[in-house]
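Peer 1: next comes the sequence, and after it the predicted model I'd like to discuss.
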Amino acid sequence: MKNNLFGECISEFIGTAILLFLGTGVVANVQLLDANITWWGLSLLWGLAVAMAVYVTGGVSGAHINPAVTVGLAAVGDFPWFKVVPYIIAQVCGAFLGAAITYFLYAEQIAEKTAANMTIFHTIAVSNVSNPKAMLIELTLTAMLLMGIVAMSEPLNSSAPKGLGSAISVGLLVATIGGIGGKLTGFAINPARDFGPKLFTALAGWGSTPFTAHNYYFWVPIVGPILGGILGAFIYKKFIRVYLPESVKKDKVKEDLLTGDLKAKQETTVN
(Lines give C-alpha, C1' and ligand atoms only; values in the text may rest on other atoms or scores of the structure.)
Protein backbone atom coordinates (compact mmCIF):
# COMPACT_ATOMS: atom_id res chain seq x y z
CA MET A 1 0.00 0.00 0.00
CA LYS A 2 1.38 3.40 -0.98
CA ASN A 3 1.85 6.02 1.70
CA ASN A 4 2.61 9.30 -0.01
CA LEU A 5 1.66 12.94 0.29
CA PHE A 6 -0.94 12.76 -2.48
CA GLY A 7 -2.75 9.93 -0.72
CA GLU A 8 -2.55 11.74 2.60
CA CYS A 9 -4.08 14.86 1.03
CA ILE A 10 -6.90 12.81 -0.50
CA SER A 11 -7.50 11.38 2.96
CA GLU A 12 -7.60 14.86 4.53
CA PHE A 13 -9.97 16.02 1.78
CA ILE A 14 -12.38 13.13 2.37
CA GLY A 15 -12.12 13.30 6.15
CA THR A 16 -12.89 17.01 6.28
CA ALA A 17 -15.76 16.57 3.82
CA ILE A 18 -17.24 13.89 6.09
CA LEU A 19 -16.88 16.17 9.10
CA LEU A 20 -18.59 19.14 7.44
CA PHE A 21 -21.35 17.13 5.81
CA LEU A 22 -22.35 15.40 9.04
CA GLY A 23 -21.83 18.48 11.21
CA THR A 24 -23.63 21.03 9.05
CA GLY A 25 -26.36 18.48 8.44
CA VAL A 26 -27.09 18.56 12.16
CA VAL A 27 -27.30 22.36 12.16
CA ALA A 28 -29.56 22.29 9.09
CA ASN A 29 -31.91 19.91 10.90
CA VAL A 30 -32.15 22.33 13.80
CA GLN A 31 -32.49 25.57 11.85
CA LEU A 32 -34.56 24.42 8.88
CA LEU A 33 -36.67 21.55 10.19
CA ASP A 34 -36.91 22.56 13.85
CA ALA A 35 -35.37 19.30 14.99
CA ASN A 36 -35.62 18.86 18.75
CA ILE A 37 -31.89 18.82 19.46
CA THR A 38 -30.40 20.53 22.50
CA TRP A 39 -27.08 22.36 22.37
CA TRP A 40 -25.41 19.46 24.14
CA GLY A 41 -26.96 17.08 21.61
CA LEU A 42 -25.68 19.22 18.75
CA SER A 43 -22.18 19.31 20.30
CA LEU A 44 -22.23 15.55 20.77
CA LEU A 45 -23.24 14.95 17.16
CA TRP A 46 -20.44 17.22 15.95
CA GLY A 47 -18.08 15.17 18.11
CA LEU A 48 -19.36 11.95 16.55
CA ALA A 49 -18.80 13.51 13.11
CA VAL A 50 -15.18 14.08 14.10
CA ALA A 51 -14.91 10.48 15.32
CA MET A 52 -16.32 9.13 12.05
CA ALA A 53 -13.86 11.20 10.00
CA VAL A 54 -10.99 9.90 12.14
CA TYR A 55 -12.16 6.29 11.79
CA VAL A 56 -12.33 6.56 8.01
CA THR A 57 -9.11 8.45 7.27
CA GLY A 58 -6.87 8.27 10.35
CA GLY A 59 -4.87 5.32 9.10
CA VAL A 60 -3.67 7.23 6.04
CA SER A 61 -3.10 10.84 7.04
CA GLY A 62 -3.55 10.87 10.79
CA ALA A 63 -6.92 12.59 10.23
CA HIS A 64 -5.88 16.10 11.15
CA ILE A 65 -8.99 17.41 9.30
CA ASN A 66 -8.10 20.78 10.81
CA PRO A 67 -5.36 23.31 9.90
CA ALA A 68 -4.99 24.16 13.60
CA VAL A 69 -3.95 20.56 14.26
CA THR A 70 -1.60 20.50 11.28
CA VAL A 71 0.12 23.79 12.14
CA GLY A 72 0.18 23.05 15.87
CA LEU A 73 1.91 19.70 15.38
CA ALA A 74 4.38 21.18 12.89
CA ALA A 75 5.21 24.04 15.28
CA VAL A 76 6.43 21.58 17.93
CA GLY A 77 8.26 19.30 15.52
CA ASP A 78 5.70 16.48 15.41
CA PHE A 79 4.79 17.00 11.75
CA PRO A 80 6.92 17.99 8.73
CA TRP A 81 6.45 21.58 7.58
CA PHE A 82 6.58 20.69 3.88
CA LYS A 83 3.24 18.89 4.26
CA VAL A 84 1.46 21.77 5.99
CA VAL A 85 0.27 23.75 2.96
CA PRO A 86 -0.91 20.69 0.97
CA TYR A 87 -2.79 19.41 4.01
CA ILE A 88 -4.49 22.77 4.58
CA ILE A 89 -5.52 23.09 0.93
CA ALA A 90 -7.01 19.59 1.06
CA GLN A 91 -8.85 20.39 4.29
CA VAL A 92 -10.37 23.62 2.98
CA CYS A 93 -11.47 21.91 -0.25
CA GLY A 94 -12.98 19.05 1.75
CA ALA A 95 -14.88 21.50 3.94
CA PHE A 96 -16.18 23.23 0.79
CA LEU A 97 -17.46 19.89 -0.53
CA GLY A 98 -19.05 18.91 2.76
CA ALA A 99 -20.99 22.18 2.89
CA ALA A 100 -22.03 21.74 -0.75
CA ILE A 101 -23.47 18.28 -0.05
CA THR A 102 -25.52 19.62 2.86
CA TYR A 103 -26.74 22.49 0.66
CA PHE A 104 -27.86 19.98 -1.99
CA LEU A 105 -29.82 17.95 0.55
CA TYR A 106 -31.56 20.99 2.04
CA ALA A 107 -31.76 23.25 -1.04
CA GLU A 108 -35.57 23.56 -0.98
CA GLN A 109 -35.68 24.38 2.73
CA ILE A 110 -32.82 26.88 2.40
CA ALA A 111 -34.61 28.63 -0.47
CA GLU A 112 -37.56 29.35 1.83
CA LYS A 113 -35.39 30.95 4.51
CA THR A 114 -33.52 34.23 4.73
CA ALA A 115 -29.81 34.86 4.20
CA ALA A 116 -29.34 34.63 7.95
CA ASN A 117 -29.42 30.87 7.56
CA MET A 118 -25.92 30.89 6.11
CA THR A 119 -24.95 30.13 9.73
CA ILE A 120 -25.94 26.57 8.92
CA PHE A 121 -22.59 26.30 7.22
CA HIS A 122 -20.17 28.40 9.25
CA THR A 123 -19.78 30.04 12.63
CA ILE A 124 -20.33 33.47 14.12
CA ALA A 125 -20.15 34.84 17.66
CA VAL A 126 -23.16 35.89 19.69
CA SER A 127 -23.99 39.55 19.22
CA ASN A 128 -22.54 40.82 22.53
CA VAL A 129 -19.11 39.20 22.03
CA SER A 130 -16.58 41.38 20.21
CA ASN A 131 -14.31 39.94 17.53
CA PRO A 132 -11.14 40.21 19.66
CA LYS A 133 -12.90 38.45 22.55
CA ALA A 134 -14.23 35.81 20.17
CA MET A 135 -10.70 35.25 18.86
CA LEU A 136 -9.47 34.63 22.41
CA ILE A 137 -12.34 32.22 23.02
CA GLU A 138 -11.47 30.28 19.87
CA LEU A 139 -7.80 30.33 20.89
CA THR A 140 -8.61 28.89 24.32
CA LEU A 141 -10.95 26.19 23.03
CA THR A 142 -8.51 25.11 20.33
CA ALA A 143 -5.58 25.03 22.76
CA MET A 144 -7.59 22.56 24.85
CA LEU A 145 -8.36 20.55 21.72
CA LEU A 146 -4.70 20.28 20.75
CA MET A 147 -3.56 19.34 24.24
CA GLY A 148 -6.07 16.51 24.18
CA ILE A 149 -5.22 15.34 20.67
CA VAL A 150 -1.46 15.32 21.28
CA ALA A 151 -1.91 13.56 24.63
CA MET A 152 -4.18 10.91 23.13
CA SER A 153 -1.74 10.22 20.30
CA GLU A 154 1.35 10.22 22.55
CA PRO A 155 3.07 6.79 22.42
CA LEU A 156 4.67 7.36 25.82
CA ASN A 157 1.38 8.24 27.51
CA SER A 158 0.17 5.12 29.30
CA SER A 159 -3.24 6.76 29.84
CA ALA A 160 -3.85 7.40 26.14
CA PRO A 161 -6.72 5.45 24.56
CA LYS A 162 -5.66 2.66 22.24
CA GLY A 163 -6.92 1.60 18.83
CA LEU A 164 -10.43 2.69 17.93
CA GLY A 165 -10.81 4.32 21.34
CA SER A 166 -8.69 7.29 20.28
CA ALA A 167 -11.17 8.41 17.60
CA ILE A 168 -14.18 8.35 19.91
CA SER A 169 -12.13 10.06 22.62
CA VAL A 170 -11.28 12.94 20.28
CA GLY A 171 -14.94 13.14 19.30
CA LEU A 172 -16.00 13.34 22.94
CA LEU A 173 -13.39 16.03 23.55
CA VAL A 174 -14.87 18.09 20.69
CA ALA A 175 -18.35 17.55 22.14
CA THR A 176 -17.17 18.66 25.58
CA ILE A 177 -15.55 21.79 24.16
CA GLY A 178 -18.77 22.60 22.34
CA GLY A 179 -20.86 21.97 25.44
CA ILE A 180 -18.67 24.18 27.63
CA GLY A 181 -18.00 27.25 25.50
CA GLY A 182 -19.13 26.52 21.99
CA LYS A 183 -22.30 28.56 21.98
CA LEU A 184 -20.32 31.79 22.37
CA THR A 185 -18.64 31.47 18.97
CA GLY A 186 -20.06 28.33 17.37
CA PHE A 187 -16.81 26.55 18.33
CA ALA A 188 -15.18 26.53 14.92
CA ILE A 189 -11.86 25.41 16.50
CA ASN A 190 -10.93 24.62 12.90
CA PRO A 191 -10.14 27.22 10.18
CA ALA A 192 -11.04 24.84 7.33
CA ARG A 193 -14.37 23.97 8.96
CA ASP A 194 -15.29 27.67 8.78
CA PHE A 195 -13.44 29.07 5.74
CA GLY A 196 -14.36 26.31 3.26
CA PRO A 197 -18.12 26.72 3.84
CA LYS A 198 -17.74 30.51 3.70
CA LEU A 199 -16.28 30.15 0.22
CA PHE A 200 -19.15 27.87 -0.73
CA THR A 201 -21.89 30.17 0.58
CA ALA A 202 -20.26 33.16 -1.13
CA LEU A 203 -20.51 31.30 -4.45
CA ALA A 204 -23.97 29.90 -3.68
CA GLY A 205 -25.63 33.30 -3.61
CA TRP A 206 -24.74 35.04 -0.37
CA GLY A 207 -22.02 37.14 -2.02
CA SER A 208 -19.65 38.93 0.33
CA THR A 209 -21.97 38.57 3.35
CA PRO A 210 -20.19 35.52 4.81
CA PHE A 211 -17.00 37.58 4.99
CA THR A 212 -18.44 40.92 6.10
CA ALA A 213 -20.97 39.73 8.69
CA HIS A 214 -20.42 40.62 12.36
CA ASN A 215 -17.89 43.34 11.47
CA TYR A 216 -15.75 41.13 9.21
CA TYR A 217 -15.78 38.20 11.61
CA PHE A 218 -14.26 35.83 9.02
CA TRP A 219 -10.70 36.23 10.37
CA VAL A 220 -11.61 35.13 13.91
CA PRO A 221 -12.10 31.38 13.19
CA ILE A 222 -8.80 31.42 11.29
CA VAL A 223 -6.45 33.31 13.61
CA GLY A 224 -7.87 32.08 16.92
CA PRO A 225 -7.66 28.33 16.19
CA ILE A 226 -4.22 28.56 14.53
CA LEU A 227 -2.74 30.39 17.53
CA GLY A 228 -4.60 28.10 19.91
CA GLY A 229 -3.34 25.01 18.12
CA ILE A 230 0.26 26.16 18.43
CA LEU A 231 -0.23 27.10 22.09
CA GLY A 232 -1.89 23.81 23.03
CA ALA A 233 0.76 21.68 21.33
CA PHE A 234 3.53 23.78 22.91
CA ILE A 235 2.06 23.45 26.42
CA TYR A 236 1.84 19.69 26.09
CA LYS A 237 5.33 19.28 24.65
CA LYS A 238 7.12 21.60 27.09
CA PHE A 239 5.21 20.94 30.31
CA ILE A 240 3.76 17.42 30.03
CA ARG A 241 5.67 15.29 27.55
CA VAL A 242 9.07 15.96 29.14
CA TYR A 243 7.84 14.50 32.45
CA LEU A 244 6.32 11.30 31.09
CA PRO A 245 8.08 8.33 32.79
CA GLU A 246 9.28 6.70 29.59
CA SER A 247 10.50 10.04 28.29
CA VAL A 248 12.46 10.56 31.49
CA LYS A 249 13.96 7.10 31.14
CA LYS A 250 15.07 7.79 27.58
CA ASP A 251 16.65 11.09 28.61
CA LYS A 252 18.47 9.28 31.44
CA VAL A 253 19.82 6.68 29.03
CA LYS A 254 21.08 9.42 26.70
CA GLU A 255 22.69 11.19 29.64
CA ASP A 256 24.35 7.99 30.81
CA LEU A 257 25.65 7.26 27.32
CA LEU A 258 26.99 10.79 27.00
CA THR A 259 28.61 10.59 30.44
CA GLY A 260 30.12 7.24 29.55
CA ASP A 261 31.58 8.64 26.33
CA LEU A 262 33.10 11.57 28.20
CA LYS A 263 34.61 9.28 30.82
CA ALA A 264 36.06 7.06 28.12
CA LYS A 265 37.62 10.05 26.39
CA GLN A 266 39.05 11.31 29.68
CA GLU A 267 40.55 7.90 30.46
CA THR A 268 42.08 7.72 26.99
CA THR A 269 43.60 11.16 27.44
CA VAL A 270 45.06 10.25 30.84
CA ASN A 271 46.57 7.00 29.57
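Peer 2: Thanks, I have the structure now.
Peer 1: so where do the helices sit in the chain?
Peer 2: 5-33, 39-61, 67-75, 84-105, 107-111, 131-152, 165-177, 183-185, 191-201, 209-216, 220-239, 245-270 (DSSP state H).
Peer 1: looking at these, which is closest to I124?
Peer 2: helix 209-216 (5.1 Å; C-beta to C-beta). The way it works is simple: take the backbone N, C-alpha and C, and place the C-beta from them, glycine included.
Peer 1: give me the phi and psi for P155.
Peer 2: Backbone geometry at P155, expressed as degrees, to the nearest 10, gives phi -60, psi -30.
Peer 1: could I get the helices of the chain as JSON lines with mean neighbour count?
Peer 2: Output for the helices of the chain, formatted as JSON lines (neighbours: other C-beta atoms under 10 Å):
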{"stretch": "helix 5-33", "mean neighbour count": "21"}
{"stretch": "helix 39-61", "mean neighbour count": "21"}
{"stretch": "helix 67-75", "mean neighbour count": "26"}
{"stretch": "helix 84-105", "mean neighbour count": "22"}
{"stretch": "helix 107-111", "mean neighbour count": "13"}
{"stretch": "helix 131-152", "mean neighbour count": "22"}
{"stretch": "helix 165-177", "mean neighbour count": "20"}
{"stretch": "helix 183-185", "mean neighbour count": "18"}
{"stretch": "helix 191-201", "mean neighbour count": "27"}
{"stretch": "helix 209-216", "mean neighbour count": "15"}
{"stretch": "helix 220-239", "mean neighbour count": "22"}
{"stretch": "helix 245-270", "mean neighbour count": "10"}
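Peer 1: dump these to a markdown table, plus mean pLDDT and distance to A125.
Peer 2: What follows is the helices of the chain, written out as a markdown table (pLDDT from 0 to 100; distance: least, C-beta to C-beta, whole Å):
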| stretch | mean pLDDT | distance to A125 |
| --- | --- | --- |
| helix 5-33 | 95 | 16 |
| helix 39-61 | 95 | 15 |
| helix 67-75 | 98 | 17 |
| helix 84-105 | 97 | 19 |
| helix 107-111 | 88 | 22 |
| helix 131-152 | 97 | 4 |
| helix 165-177 | 95 | 15 |
| helix 183-185 | 96 | 5 |
| helix 191-201 | 96 | 12 |
| helix 209-216 | 92 | 6 |
| helix 220-239 | 97 | 7 |
| helix 245-270 | 55 | 39 |
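Peer 1: could these go into JSON lines alongside distance to S158?
Peer 2: Below are those laid out as JSON lines (distance: least, C-beta to C-beta, whole Å):
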{"stretch": "helix 5-33", "distance to S158": "28"}
{"stretch": "helix 39-61", "distance to S158": "21"}
{"stretch": "helix 67-75", "distance to S158": "21"}
{"stretch": "helix 84-105", "distance to S158": "29"}
{"stretch": "helix 107-111", "distance to S158": "48"}
{"stretch": "helix 131-152", "distance to S158": "11"}
{"stretch": "helix 165-177", "distance to S158": "14"}
{"stretch": "helix 183-185", "distance to S158": "34"}
{"stretch": "helix 191-201", "distance to S158": "32"}
{"stretch": "helix 209-216", "distance to S158": "44"}
{"stretch": "helix 220-239", "distance to S158": "15"}
{"stretch": "helix 245-270", "distance to S158": "8"}
